[in-house]
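> prediction below, plus the sequence it came from.
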Amino acid sequence: MAITTISVDVMGGDAGANVTLPACLAFLQSHADAHLILVGTEQALHHFSHERASKVIAADVITMDDSLETAMRKKRDSSMRIAVEQVKSGAAQAAVSAGNTGALMAISRYVLKTLDGIERPAIAAQLPNATGGSTTMLDLGANVDSMPEHLLQFAFLATALDAVLKGKTKPTVGLLNIGEEVIKGNETIKAAGELLRGAHDRGDISFFGNVEGNDIFKGTTDIVVCDGFVGNVALKASEGLAAMVGGFLKTEFSKNPLTKVAAVFAYPVLKAFKNRVDHRRYNGAALLGLRGLVFKSHGSADQAAYGFALERAYDAARKGLLASVQANIAKIQKI
């Protein structure tokens with residue numbers, strides 16, 4: 001039985017080892033073909049034990065408030081960096097961290113380097129949609145000033161991601177814009193649209209055309225491409241929607257007798273909706289375009305959410321995501 005090895009930054013996230021270690025234990029118990037390399041402080045790892053887990057001690061921890069200079073230059077023995085280095089050395093097939101996003105991207109890019117043909121890595125994640133599935137969206141915060149060529153690269157990266165993790169050989173790609181018409185948008189978006197149409201005509205990707213914000217959650221396309229500023233706003237909005245529905249379920253129906261009666265009928269529907277848009281189910285964003293697999297968990301992830309991030313890294317490594325990405329990027333280089 002082939003073993004899939006994942007390195008874990010145990011110290012990353014708001015709760016650190018209090019969340020990551022229980023999630024790792026649950027993951028190991030449900031995956032007999034998985035091995036975890038746990039990277040953290042000696043104190044955090046002292047009491048953890050499992051036959052398919054090894055430990056690597058780190059002297060430093062990168063906090064959510066650390067600057068990139070601190071993360072890169074002053075904390076070279078951090079749990080985050082050592083976890084990524086496990087992928088570089090070949091000890092692990094993928095790394096997972098819930099730590100500082102900027103630091104994780106910078107360290108991953110420095111340690112692993114970018115693939116030939118990729119100028120900027122991107123963060124790609126799944127957002128729930130009305131079809132009952134999810135929409136792959138990128139970039140979600142790594143790049144706030146993307147050029148048309150970068151948006152084209154993002155489309156190729158996400159196409160490889162969906163082909164591996166969702167089994168879709170030709171997922172549809174939409175370009176986020178202020179309208180569906182070709183003439184709409186700024187010059188960057190218009191130029192990106194031309195590049196994407198050219199790639200479609202060559203048969204490299206399946207480009208649907210421009211899509212609007214509501215199309216993300218309608219599931220109009222399998223993939224939505226945008227710059228990191230817009231993508232990050234959309235991601236936070238989707239998380240806020242799930243939190244709002246959850247809060248409504250807890251408080252609104254207890255206000256008066258009429259709403260209590262309404263709750264009998266509405267609660268099952270709203271609860272099902274809350275579960276569908278629950279961002280924890282889609283936790284685990286891929287840092288695409290690197291010479292190795294790195295996944296970012298939400299910093300506030302609880303044990304269940306962190307488990308989904310581990311699951312995504314496991315699936316990506318086991319199904320050969322890196323090779324699929326490399327094959328797709330080779331198509332760009334021929335353009």
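That came through, no problem. Numbers count the residues shown, from 1 in each chain.
> skipping adjacent residues, who's closest to Ile178 in space?
The spatially closest residue to Ile178, leaving aside those adjacent along the chain, is Lys184, at 5.6 Å (C-beta to C-beta, 6 or more residues apart in numbering). Where C-beta positions appear, they are placed from N, C-alpha and C, glycine not excepted.
> same question but for Lys331, I mixed them up
In space, and not counting its chain neighbours, Lys331 is closest to Asp204: 4.8 Å by C-beta to C-beta, 6+ apart.
> which ones are touching that neighbour?
For Asp204, the contact set (C-beta atoms under 8 Å, 6 or more residues apart in numbering) comprises Phe156, Lys331, Ile332.
> which of the residues you listed has the largest number of neighbours?
Of all the contacts of Asp204, Phe156 has the most neighbours under the rule other C-beta atoms under 10 Å, reaching 26 neighbours.
> how distant is the host helix or strand of that residue from the center of its chain?
Element membership for Phe156, per DSSP states H and E: helix 148-165. Put simply, helix 148-165 sits 13 Å off its chain's centre (C-alpha atoms, centre = their mean, to the nearest Å).
> show me what it is packed against.
Where contact means 3 or more C-beta pairs under 8 Å, 6 or more residues apart in numbering; DSSP states H and E, helix 148-165 is packed against strand 122-128, strand 134-138, strand 172-176, helix 187-201, strand 223-225, strand 285-288, helix 303-318, helix 321-333.
> need the ones you listed in CSV (columns: mean pLDDT and distance to Asp60).
Shown next, in CSV, are the helices and strands packed on helix 148-165 (pLDDT from 0 to 100; distance: least, C-beta to C-beta, whole Å):
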stretch, mean pLDDT, distance to Asp60
strand 122-128, 93, 24
strand 134-138, 95, 30
strand 172-176, 98, 38
helix 187-201, 96, 39
strand 223-225, 98, 36
strand 285-288, 96, 21
helix 303-318, 97, 21
helix 321-333, 88, 28
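> among these, which comes closest to Arg81?
When the helices and strands packed on helix 148-165 are compared by C-beta to C-beta, strand 285-288 sits nearest Arg81, at 14.1 Å.
> pull up the pairing partners for the closest one, direction included.
With DSSP bridges as the test, strand 285-288 is paired with strand 122-128 (antiparallel), strand 293-296 (antiparallel).
> determine which stretch of those is the most buried.
Greatest average neighbour count among the strands paired with strand 285-288 goes to strand 293-296 (a mean of 27), per mean count of other C-beta atoms under 10 Å.
> the stretch 1-150 of the chain: helices as residue ranges?
Listed from the start of the chain, the stretch 1-150 of the chain has helices (DSSP state H, counting those that start in this stretch) covering 17-30, 42-45, 68-69, 79-89, 101-112, 148-165.
> would JSON lines of the ones you listed with mean pLDDT be doable?
Listed next are the helices of the stretch 1-150 of the chain as JSON lines, based on pLDDT from 0 to 100:
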{"stretch": "helix 17-30", "mean pLDDT": "98"}
{"stretch": "helix 42-45", "mean pLDDT": "97"}
{"stretch": "helix 68-69", "mean pLDDT": "94"}
{"stretch": "helix 79-89", "mean pLDDT": "98"}
{"stretch": "helix 101-112", "mean pLDDT": "96"}
{"stretch": "helix 148-165", "mean pLDDT": "95"}
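> spit out the contact partners of the closest residue to Gly40 other than its chain neighbours.
Nearest-residue entry for Gly40: Val10, 3.4 Å, with adjacent residues in sequence omitted and distances by C-beta to C-beta, 6+ apart. Applying C-beta under 8 Å, 6+ apart to Val10 gives the contacts Gly16, Ala17, Thr20, Leu21, Cys24, Leu38, Val39, Gly40, Ala44, Leu45, Ser79.
> can you name the two of those residues that are farthest apart?
Spatial extent of those (C-beta to C-beta) is set by the pair Cys24 and Ser79 at 13.2 Å.
> between those two, which one's more packed in?
For Cys24 versus Ser79, neighbours defined as other C-beta under 10 Å are more numerous around Ser79 (32 against 25).
> now do the same contact list for that one.
By C-beta under 8 Å, 6+ apart, the residues touching Ser79 are Asp9, Val10, Met11, Gly12, Val39, Gly40, Thr41, Ala58, Asp60, Val61, Ile62, Gly99.
> one step back: for the helices of the stretch 1-150 of the chain, which one sits closest to Lys190?
That would be helix 148-165 among the helices of the stretch 1-150 of the chain, by C-beta to C-beta, at 8.3 Å.
> what's the angle between the closest one and strand 172-176?
Counting by axes from the mean of the first three to the mean of the last three C-alpha atoms, to 10 degrees, helix 148-165 lies at 140 degrees to strand 172-176.
> before we move on, the earlier item: and the residue nearest to Ile178, how close does it get to Asp227?
Going from Lys184 to Asp227 by C-beta to C-beta, to the nearest Å gives 16 Å.
> secondary structure element holding Leu235?
helix 228-251.
> surely Lys88 meets Tyr110?
No. The pair Lys88 / Tyr110 is not scored as a contact, 10.1 Å apart, by C-beta atoms under 8 Å.
> more neighbours: these two, which one.
For Lys88 and Tyr110, the more surrounded residue by other C-beta under 10 Å is Lys88, and the numbers stand at 15 against 12.
> fine by me, we can end here.
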